[in-house]
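K.L.:
Build me a structure from this.
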Amino acid sequence: MEEPEKKGKTKDIEDLIKQTRQINSKLERLDGCINRVNKKLENVMMKGHTSIRDTLKDLITEMKDELLTSVINRIDQLERKMFEREQEYDKLKESVQSLDKTILEKNIEKETRE
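P.N.:
Have a look, this model is predicted:
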């Protein structure tokens with residue numbers, strides 16, 4: 001091999017080694033970043049992060065409020081129906097009392113005729 005050709009190949013190898021070192025350095029930094037993110041995620045999963053906890057708490061509270069609203073509406077409907085039935089019951093009770101009175105009067109009238 002000629003001397004300039006040998007120097008060119010040596011230069012290419014040195015550039016390749018330099019680029020490999022740069023890539024390795026970047027990979028090490030990336031690995032460090034991934035490890036930090038991983039640790040943070042582990043903390044979130046193990047201990048619970050307050051923002052996630054607060055979000056879940058808000059979501060559960062909202063669901064609870066919606067459920068309670070639904071239950072309260074149903075209770076209101078049942079109370080209305082119950083009140084209406086009580087009114088019907090009172091009317092029927094009065095009607096029965098009136099009919100009883102009428103029957104009693106008819107029986108008394110019938111007895112007096114005999």
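
K.L.:
ok, Ile13 to Gln22 distance?
P.N.:
15 Å (Cβ to Cβ, to the nearest Å). The C-beta positions use only the backbone N, C-alpha and C, and glycine is treated the same way.

K.L.:
same check, this time on Lys64
P.N.:
Counting by Cβ to Cβ, the gap from Lys64 to Gln22 is 56 Å.

K.L.:
Kindly report the same for Glu105.
P.N.:
Counting by Cβ to Cβ - Glu105 and Gln22 are separated by 115 Å.

K.L.:
distance of Ser98 from Lys91?
P.N.:
10 Å.

K.L.:
which neighbours do the two share?
P.N.:
Taking Cβ atoms under 8 Å, 6 or more residues apart in numbering as the contact criterion, no residue touches both Ser98 and Lys91.

K.L.:
I'd like to know how many residues surround Met63.
P.N.:
Neighbour count of Met63, defined by other Cβ atoms under 10 Å: 10.

K.L.:
can you pull the pLDDT of it?
P.N.:
For Met63, the pLDDT comes out at 83.

K.L.:
for it, what are its contacts?
P.N.:
Met63 touches nothing, counting by Cβ under 8 Å, 6+ apart.

K.L.:
Report the residue spans of this protein with pLDDT below the cut-off.
P.N.:
1-9, 44-50, 53 (pLDDT under 70).

K.L.:
change it to 80
P.N.:
1-12, 15, 29-57, 114 (pLDDT under 80).

K.L.:
Domain parsing of it, as residue ranges.
P.N.:
Domain ranges of the chain: 1-48, 50-114, per automatic domain parsing.

K.L.:
what about the helices in the chain?
P.N.:
Secondary structure of the chain by DSSP state H: the helices cover 3-46, 50-113.
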